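[1] give me the fold of what follows.
(one chain, ligands or ions: 2)
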Amino acid sequence: MTQQLETRIDIISSLAEPHWADNWNFRAYLQQKVSPTEIDRAAQALAQDVSAKIDCTACGNCCREIFPHFRPGDVSRLAAGLGQSEQALRSTMRTEGVDTTVFCVSPCPMLKNSSCTVYEHRPDDCREYPHMHKPDFLGGSIGAIENYGTCPIVFNVYGQLKKTFHYDPKTDYIGQTNPETTHGSSYKSS
Ligand code: SF4
Ligand code: SF4
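    Ligands and ions are numbered 1, 2, ... in the order given. Modelled structure (predicted):
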């Protein structure tokens, strides 16, 4: 189903800015022209196919570039796995949102030699990233656009979705963009 995949982070990163407005336009195109059911069906099939062909252990770019969100249960699990108190672990984090925390530093301090040192205890956000398999693709597509230049899975799924729905940026210009949104600043909310 998928065409040749682009997995080179430098290339993907360099294409994010030039595709930024068009990615927002494609989102508006989907909203106007395609049913949510059709979008979800296509996105989930592409996500499954692309994810199976990309080796995350050889990439790890999300661990370097993006702050994973920890819910309270994630903090407890990681603290137990590390043999630390929750308080000690929380001292390395800052609050982001009502019940969400993130590490104060990036890359993730749990990343060593390009591998996750707490893989069994990683937060759900890491387990589910890049969230492309979830229902309501449109609802989560802001996160997809933000992570387009960071994650090869997102880059390829979003790009191939344009082909699936015969999107042509020249003739399908809707004129809706959201340039104020920060690029890839955090994990997409679950
Ligand atoms: S989820 Fe994306 S950025 Fe993270 S390791 Fe896999 S391909 Fe790389
Ligand atoms: S906890 Fe592990 S999987 Fe999650 S960002 Fe950190 S190193 Fe990556």
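[2] so what's the residue positioned nearest the centre of the chain up against?
    Geometric centre of the chain, nearest residue: residue 130, 3.6 Å, by C-alpha atoms, centre = their mean. Going by C-beta atoms under 8 Å, 6 or more residues apart in numbering, residue 130 touches 62, 143, 144, 147, 151, 153, 154, 188. For the C-beta atoms, the positions are set from N, CA and C on the backbone; glycine is no exception.
[3] and the fifth one, what pLDDT?
    On the pLDDT scale, residue 151 is placed at 98.
[4] nearest spatial neighbour of it, chain-adjacent residues omitted?
    Spatially, and ignoring its direct neighbours in sequence, residue 151 is nearest to residue 130 (4.8 Å; C-beta to C-beta, 6 or more residues apart in numbering).
[5] so is the helix with the most length in the chain next to ligand 1?
    If you go by DSSP state H, the chain has its longest helix at helix 9-33. No. Figure legend: helix 9-33 not in contact with ligand 1 (C-beta under 6 Å from any ligand atom); closest approach 8.0 Å.
[6] my guess is residue 64 contacts residue 106. True?
    Yes. The pair formed by residue 64 and residue 106 meets the contact definition of C-beta atoms under 8 Å, at 7.3 Å.
[7] before we move on, back to that, and the residue nearest to the centre of the chain, what helix or strand is that in?
    Here residue 130 is covered by no helix or strand, with elements defined by DSSP states H and E.
[8] phi first, then psi, for it.
    phi -100, psi 20 (degrees, to the nearest 10).
[9] got it, and residue 41?
    Dihedral angles (degrees, to the nearest 10) for residue 41: phi -60, psi -50.
[10] measure it to ligand 2 for me?
    28 Å (C-beta to the nearest ligand atom, to the nearest Å).
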